[in-house]
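**Q** Sequence first, then the predicted structure, then my questions.
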Amino acid sequence: MALLSAGCAAPANPSFPVSMADAKAALREMEAAPKRLARPVVLLGGYHDPGFGALVWRHEVHRWAKDARIAEVSFPFSRDFDQCRREVIAAVDRAFPTDDPDATVEVDVIGTSMGGLVGRYAAVQKPGERRLRVARLITISSPHRGAAWARLPAMSRLHADMRQASEFLENLEKPRPRRRRMIMSSCRTCGWATASSVRRTPRPPGRTRGGCPAMRSPSPILR
């Protein structure tokens, strides 16, 4: 952790100019004057997380919103991303029923680590399948370009699919119809984050697709 923290020390990110102090002040303001959520929020846990991460996020979001429309989904026994996708859609249907044959109700999604990839994949339109209807998707420490630890011998299909340049990640990056959404990718260790709207704002000259170097998970291309 010490090495990770050193590798993430105080990066400057012009696309997300918020200091830690500013972020904490904003959270205090939100907690002091909570507002109703614009739509239900779905919290997606990380790789084989038994549910602790999503529960912590639920507690935090409820402090700021005071709204019961929050659902969390964890993937402790999921074998692959297709199973994760089915579990997310089923959980959202249980929490927020709809008779729409093509998609769930519209939700905002917060995905931690692998949960960010699950959120993206669940929103993809696939022939003959219902999808997760996402208004806004926020990802935290998600390996959109592959996870460094995934180079280790694969323990599951999920593990292998998070390797850099895997077929799953390549397919996830294929151009798709534009939707109104936002993806934010950040490192929880140092607060490195990047955000772009679906209209794709140009990067500053000389800037590559950013991301915390230590986490090795640059922000995704948005479409």
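**A** Thanks, I have the structure now. Residues are numbered from 1 along each chain as shown.

**Q** Identify the residues contacting stretch 88-104?
**A** Contact with stretch 88-104 is made by 40, 42, 44, 69, 71, 73, 105, 107, 118-119, 122, 130-133, as judged by C-beta atoms under 8 Å, 6 or more residues apart in numbering. Where you see a C-beta, it was placed from the backbone N, CA and C, and this is true even at glycine.

**Q** Of these - the most surrounded one?
**A** Leu44 (33 neighbours; other C-beta atoms under 10 Å).

**Q** Now the closest residue to that residue other than its chain neighbours: which helix or strand?
**A** Nearest residue to Leu44 in three dimensions, chain neighbours excluded: Gly115, at 3.1 Å (C-beta to C-beta, 6 or more residues apart in numbering). Applying DSSP states H and E as the criterion places Gly115 in helix 114-123.

**Q** counting contacts, what elements does that helix pack onto?
**A** Packing partners of helix 114-123 (3 or more C-beta pairs under 8 Å, 6 or more residues apart in numbering; DSSP states H and E): strand 41-47, strand 70-75, helix 81-95, strand 107-112, strand 134-140, helix 167-172, strand 182-186.

**Q** Out of the contacts of stretch 88-104, flag the one nearest to Ala154.
**A** Nearest to Ala154 out of those is Val118 (C-beta to C-beta; 17.9 Å).

**Q** Would you mind measuring from that closest one to Arg85?
**A** Applying C-beta to C-beta, to the nearest Å, the value for Val118 to Arg85 is 7 Å.

**Q** Next, count neighbours for the residue lying closest to Ser156 once chain neighbours are set aside.
**A** Spatial nearest neighbour of Ser156, excluding adjacent residues (C-beta to C-beta, 6+ apart): Arg79 at 6.1 Å. When neighbours are defined as other C-beta under 10 Å, Arg79 has 11 of them.

**Q** Check Asp102 too.
**A** 10.

**Q** per-residue confidence for it?
**A** Predicted confidence (pLDDT) for Asp102: 97.

**Q** now Trp192
**A** pLDDT, read off for Trp192, is 33.

**Q** ditto for Lys35
**A** Looking at Lys35, the pLDDT reads 88.

**Q** Could you list the low-pLDDT ranges of this protein?
**A** 1-16, 177-223 (pLDDT under 70).
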